[in-house]
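Q: here's my sequence, what's the structure:
(2 chains)
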Amino acid sequence: MKKKLLAGTFGSLTLLSLVAGFLIPAYGDHIAKPYDWTVELETRKLEHQFDYVGSHLKGVEKVKVSYQQTPTAENPEPTRQHYENFWYHDGKPLGLERLHAYEITQGDGVSILIKHNDEMGSDKECKAAANAILRVILDSYLNKNAVVNVRIPPESFEKVRDYLMELGCLQHLPSGDDTVSSSINIFLQTDPDPTQTETLYYI
Amino acid sequence: MNTQRRQARKNSGNMLILVSVFMAVAALFVLCASSLGSLFFEHSRLQNSANEIALAGARKLNENDRLGQMNNMIGRCRQLVYCSTDTYAQVDTTYAHLRHLAEQLAEESRDSAADMETERHLLAELARNEAQITMTKKFNEIKVSYPMSLPWLKVEAPTLESIVPGKLADVQSNVMEMKGFSELESHDVAQGYLKVYPDLKLYKEHIDARLPAPDNALRFKLASLAAPVGDSASSPIISSSTTVAPARAALAKKFRTIDDDELPSACQVTIDLKIGATLGASTQDKAEAIGTAAATGGGLPL
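A: Model (predicted):
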C-alpha cells in the first residue's frame, strides 16, 4: 500500500514537473515582459537638411516610429509595422508623416523602446525622443492602451528624462493641502538591463 | 592682218576689266556673306550665353535640394498640425485628464507651422538673391569675350537687361499625397489640392493648402518643383532607379513670374548685344536673347 502511495506521489510529481516545465517558461516570459506590444522610436540625425546660409532649421532629427507584438511561442517573429515618422529641429517637431493606422489591440499593454542610430544619442536626438514619447503616449491612451514602461539606452537615460521634465513631466508630485493626481505616469527604465529606473508624472 | 592684231589686243583688255569687276563683286559678296554670317553667329552665341547664365542661376536656386526639402517639410508640418488638433479634439471629448498634454502638443505644432512659414520666406529671399548673384557673376565672366572690331563687323560687350525668378508652367510641387488621415485626404480632394497622375498624386504648385478649421488661418504654401520619378508603379518616387530632374533650359513661353514671397524654381535672363555691321547687313543693330532654365528637381524625401 505504502509502495503504491509512494509510486502515485512520485508519478504525480513527475507529471506536475513536466507540465510546469512547459508552462512556466511561457508564463515567465509574460512576467519578464509585462506588455503585449513594443513601440520602437528610432532617432537619427539627418545630414544636409536645410543646409544654407542663415538657416534656422539646420540640424534635423528624424524619429521613425514602428510597432511590433511581443514575440510569443506561437508567433516568435511578429511583423514590425512602420507607423509614422517625425522630424524635429532642436526638440521642436517640424513634421509628421503617418504611414499606417495604430493597429494595436485595444486594452493591450505597450512598452516604448528608444533606440538611437548612433548608439550614444546626441542631445538633440534625446530632445526629439522625449517629445515623440509624449506623442506616442497620447496615441496609446486614445487607443485604450496602457504604456507599461519606456525603455531607454543607459547612455541617454538621463538626457531623455531631463528633456521629458522640460516638457512638463515631474519627478515628484507636488505636496500640499490640495490633492494632486497625475494624469499620466511614465515609468522609465534603462534597456536592456533595468539598472536605472524612474517614474515621472505629467499633471 | 594689222586690224586683226589690234582687235585681239582690244579683246584682251576687256577680259582684264571683266575679271577685275568680277573679282571685286565676288569679294564684296564674300564680305557681305561673312558679315551676315557673323551676325547670325553672334546672335546664336548670345542665346547660348543667355541659356548658360539662366542655368547657373537655376542650379543655385535648388542647391542641396533646399527647395525640395522645404516643400516636403511644409507638407509634413501640415500633417503634424492636423494630427495634433485631431488628437486634441478626441482627448477633449473623451479623456479630460489628457487635455492639458494634448493642448500643449497641438499648440507646439501650430508654432512650428508659423516657424516654417517664416523660414519659407527667408529661403525664398535667399534663393532669389543667391541666384541673382550667381547669374550676374556668370554674365560678367562671359561678357568680356564678346567685344571685337573688324573692318566689316563691330561687336560691343553685352548688357544684362533683367534677371527674373519664377517658375515653369504645368510643373506641380514635388510633394506626394500624404495619407494616414482619411478626413484630411477627403478635404484635400474637395479643395482640389491634388494633381492626379496614373501612378502618382502630387500636391499642386502655387497653392496655399489650408487645413480645415480651426487651423485654417495657418499657411502651407507649396512651390512648383519637378518631383523625382521612379520606374516602379507601386512606388513611383522611391525606387531603386529614381531619377532627379537636372537643371535644364526651357522655352521662354513656359516661364511664369511669381510673387515675391514664393519659392522660385526657374530663372529667366534677358541680355542685349550691340552689333555694328559695316557691310551688307544693317548697322548698329541690337540683338536680344532670353535664357530660361528650370531648377534641379526635388530630391528623394528623407
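
Q: work out which residue lies at the spatial centre of the chain.
A: Going with chain A. residue A:112 (1.3 Å; C-alpha atoms, centre = their mean).

Q: correction: the question concerned chain B.
A: Note: chain B centre (C-alpha atoms, centre = their mean) maps to residue B:266, 2.2 Å.

Q: which residues does that one bridge with?
A: residue B:166, residue B:294 (DSSP bridges).

Q: now it: how far from chain A?
A: 19 Å (C-beta to the nearest C-beta, to the nearest Å). To be clear about C-beta, it is placed using only N, CA and C from the backbone, and glycine gets the same treatment.

Q: that residue reaches residue B:255, doesn't it?
A: Yes. Here residue B:266 reaches residue B:255: they are 6.1 Å apart, a contact under C-beta atoms under 8 Å.

Q: hey, what's in contact with both of these two?
A: Both residue B:266 and residue B:255 are in contact with B:166, B:167, B:168, B:292, where contact means C-beta atoms under 8 Å, 6 or more residues apart in numbering or on different chains.

Q: related to what we said a few turns ago, report pLDDT for the closest residue in space to the residue nearest to the centre of chain A that isn't next to it in sequence.
A: Distance criterion C-beta to C-beta, 6 or more residues apart in numbering or on different chains; nearest residue to residue A:112, sequence neighbours excluded, is residue A:150 at 4.5 Å. Residue A:150 carries a pLDDT value of 96.

Q: hang on, the earlier thing: tell me the one of the shared contacts of residue B:266 and residue B:255 nearest residue B:148?
A: residue B:292 (27.3 Å; C-beta to C-beta).

Q: what number of residues lie near the closest one?
A: 25 (other C-beta atoms under 10 Å in any protein chain shown).

Q: where's it relative to residue B:264, distance?
A: Between residue B:292 and residue B:264 the computed distance is 12 Å (C-beta to C-beta, to the nearest Å).

Q: ok, now residue B:165?
A: Counting by C-beta to C-beta - residue B:165 and residue B:264 are separated by 3 Å.

Q: any residues in contact with both of the two?
A: With C-beta under 8 Å, 6+ apart, residue B:165 and residue B:264 have common neighbours B:61, B:127, B:128, B:131, B:258.

Q: just those: which are in helices?
A: B:61, B:127, B:128, B:131 (DSSP state H).

Q: near chain A, from those?
A: Residues of these in contact with chain A (C-beta under 8 Å from any C-beta of the partner chain): none.

Q: got the contact list for residue B:158?
A: Per C-beta under 8 Å, 6+ apart, neighbours of residue B:158: B:46, B:49, B:139, B:142, B:143, B:146, B:271, B:272, B:273.

Q: who is the closest residue in space to the first one that isn't next to it in sequence paired with across the strands?
A: The one in question is residue B:46. Spatial nearest neighbour of residue B:46, excluding adjacent residues (C-beta to C-beta, 6+ apart): residue B:289 at 4.2 Å. Under DSSP bridges, the beta-bridge partners of residue B:289 are residue B:271.

Q: sorry, back to before: after the host helix or strand of the residue nearest to residue A:112, next one along is what?
A: Element membership for residue A:150 (DSSP states H and E) is strand A:146-152. For strand A:146-152, the following helix or strand on the C-terminal side (DSSP H and E) is helix A:157-166.

Q: check contacts around residue B:207.
A: Residue B:207 neighbours (C-beta under 8 Å, 6+ apart): B:173, B:193, B:221, B:222.

Q: change it to 7 Å
A: B:193, B:222 (C-beta atoms under 7 Å, 6 or more residues apart in numbering or on different chains).

Q: what pairs with it across the strands?
A: residue B:222.

Q: now residue 137, what's its secondary structure?
A: Just going to use chain A. Following DSSP: H, G, I helix; E, B strand; the rest coil, the label given to residue A:137 is helix.

Q: if you could check chain B rather than the one you did, that'd help
A: helix.

Q: so how far is residue B:52 from it?
A: From residue B:137 to residue B:52 the distance is 12 Å (C-beta to C-beta).

Q: on that earlier part again, double-check the residue nearest to the centre of chain A against residue A:39; I have them as touching.
A: Yes. Under the criterion of C-beta atoms under 7 Å, residue A:112 makes contact with residue A:39 at 5.1 Å.

Q: any common contacting residues for those two?
A: With C-beta under 7 Å, 6+ apart, residue A:112 and residue A:39 have common neighbours residue A:136.

Q: OK, contacts around residue A:46?
A: Here residue A:46 is in contact with A:60, A:61, A:62, B:302 (C-beta under 7 Å, 6+ apart).

Q: nearest spatial neighbour of it, skipping sequence neighbours?
A: residue A:60 (4.5 Å).

Q: give me the phi and psi for that neighbour.
A: Dihedral angles of residue A:60 (phi, psi; degrees, to the nearest 10) stand at phi -120, psi 140.

Q: for chain A, what's the nearest residue on the stretch 151-300 of chain B?
A: residue B:180 (2.7 Å; C-beta to the nearest C-beta).

Q: how about the closest residue in space to residue B:180 that isn't next to it in sequence, what does it touch?
A: Among residues not flanking residue B:180 along the chain, residue A:98 sits closest, at 2.7 Å (C-beta to C-beta, 6+ apart). Contact analysis of residue A:98 by C-beta under 7 Å, 6+ apart lists A:84, B:79, B:83, B:180, B:181.

Q: same check on residue B:185?
A: Residue B:185 neighbours (C-beta under 7 Å, 6+ apart): residue B:179.

Q: pLDDT score assigned to it?
A: 93.

Q: regarding it, what is its secondary structure?
A: helix.

Q: what ranges does chain A have for its helices?
A: Under DSSP H, chain A gives helices at A:2-32, A:123-142, A:157-166.

Q: give me every residue that touches the closest residue to residue A:191 other than its chain neighbours.
A: Nearest residue to residue A:191, sequence neighbours excluded (C-beta to C-beta, 6+ apart): residue A:151, at 3.5 Å. Residue A:151 sits next to A:111, A:112, A:113, A:114, A:189, A:191 when contact means C-beta under 7 Å, 6+ apart.

Q: how about the residues of chain A that lie near chain B?
A: A:46, A:48-54, A:56-57, A:87, A:92-99, A:134-135, A:138, A:141-142, A:168, A:183-184, A:202 (C-beta under 7 Å from any C-beta of the partner chain).

Q: got the phi and psi for residue B:23?
A: phi -60, psi -40.

Q: which pLDDT value goes with it?
A: Model confidence at residue B:23 (pLDDT) stands at 91.

Q: before we move on, what about residue A:133?
A: 97.

Q: residue ranges with poor pLDDT in chain A?
A: A:1-33, A:176-182 (pLDDT under 70).

Q: quickly list the domain ranges of it.
A: A:1-32, A:37-202 (automatic domain parsing).

Q: okay, how far is it across the longest one, tip to tip?
A: Think domain A:37-202. 23 Å (C-alpha to C-alpha, to the nearest Å).

Q: now swap in stretch A:86-98 and tell me
A: Start-to-end, stretch A:86-98 (C-alpha to C-alpha) is 9 Å.
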